[in-house]
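Undergrad: Structure for the following, please:
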Amino acid sequence: MTTIIRCPWTNEDPLYQAYHDDEWGRPIYDSQDLFAKLCLDGQQAGLSWYTILKKRDNYYQAYANFEPAKIVLFTEQDIERLMQDTGIVRNKLKVNSVIKNAKGFLALQQQGIDFSEFLWDFVDGKPVMNQYQTMAEVPTQTPASEAMSKALKKLGFTFVGPTICYAFMQAVGMVNDHLVNCHCYNKVANK
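TA: Alright, predicted model coming up:
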């Protein structure tokens, strides 16, 4: 039996392994999908991505499938509903961040700027192919993630610090940070 080599941040949970194998590092270009992923990455602040991944379906239900035009209409009653929802992380700052981020998304759209193009511009529109051998080599932030963070904050986004932005960039394939010995590295590099 052949041993499958994965990045060492995964665990034995089939859900987490499927996320690593089929999603993480695969380029995403759809603006709404990118918005959802950015918001979800912000929810992991102080927690692990694994915690949020297990609650991801609940987040989509709670936040109107991450449709910004619907989220900006959330009222105080909606915020209270979310604060009672045990299927998500019940942190008022994090709950409000998704609403603020939706406003920022729509503000960009009103300026005629596509969210996907806006984000992908930070890597010149194409994935950065890193070649890390060990997790110790993988940065937690880069000049590109710092620039993205600054630009998003200027638009009113929250929970988008440079470390969160870099985790987001890794997840949506803006950078290929699968280790070179990982079975996904070449699959992602050849996309």
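
Undergrad: only C-alpha atoms for contact and neighbour calcs from this point on.
TA: Fine.

Undergrad: Which parts of the protein are helices?
TA: 14-22, 31-43, 49-62, 68-71, 76-84, 92-110, 115-120, 143-154, 162-171, 185-189 (DSSP state H).

Undergrad: Of these, which stretch is the most buried?
TA: Mean neighbour count (mean count of other C-alpha atoms under 10 Å) peaks for helix 162-171 among the helices of the chain, with a mean of 23.

Undergrad: wait, which of the helices of the chain is closest to Y132?
TA: Of all these, it is helix 185-189 that lies closest to Y132, at 10.0 Å by C-alpha to C-alpha.

Undergrad: Quick one: list the elements packing against the closest one.
TA: Under the contact criterion of 3 or more C-alpha pairs under 8 Å, 6 or more residues apart in numbering; DSSP states H and E, helix 185-189 touches strand 175-176.

Undergrad: export the worst-scoring helix or strand of the chain on mean pLDDT as PDB, just CAs?
TA: Least confident helix or strand, the chain: helix 185-189 with a mean of 90, by mean pLDDT, DSSP states H and E. Output of helix 185-189 as PDB, limited to C-alpha atoms (Å, rounded to 0.1, in the frame of the first residue of the first chain):
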ATOM      1  CA  TYR A 185       2.100  20.000  -5.000                       C
ATOM      2  CA  ASN A 186       2.400  19.000  -8.700                       C
ATOM      3  CA  LYS A 187      -1.400  18.800  -9.200                       C
ATOM      4  CA  VAL A 188      -1.700  22.400  -8.100                       C
ATOM      5  CA  ALA A 189       1.500  23.500  -9.900                       C
END
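
Undergrad: show me the residues around the nearest residue to F157 once chain neighbours are set aside that make contact.
TA: Sequence neighbours aside, N101 is the residue nearest to F157 in space, at 4.6 Å (criterion: C-alpha to C-alpha, 6 or more residues apart in numbering). By C-alpha atoms under 8 Å, 6 or more residues apart in numbering, N101 lies in contact with 39, 156-158.

Undergrad: ok, and the most crowded of these?
TA: With neighbours defined as other C-alpha atoms under 10 Å, the most crowded of the contacts of N101 is C39; it has 26 neighbours.

Undergrad: measure the closest residue in space to I79 that isn't next to it in sequence to F118 for me?
TA: Distance criterion C-alpha to C-alpha, 6+ apart; nearest residue to I79, sequence neighbours excluded, is V95 at 7.0 Å. For V95, the distance to F118 equals 24 Å [C-alpha to C-alpha, to the nearest Å].

Undergrad: repeat for M83
TA: M83 is 31 Å from F118, by C-alpha to C-alpha.

Undergrad: remind me which residues of this structure are low pLDDT?
TA: 1, 191 (pLDDT under 70).

Undergrad: go again using 80 as the cut-off
TA: Residue ranges of the chain with pLDDT under 80: 1-2, 190-191.
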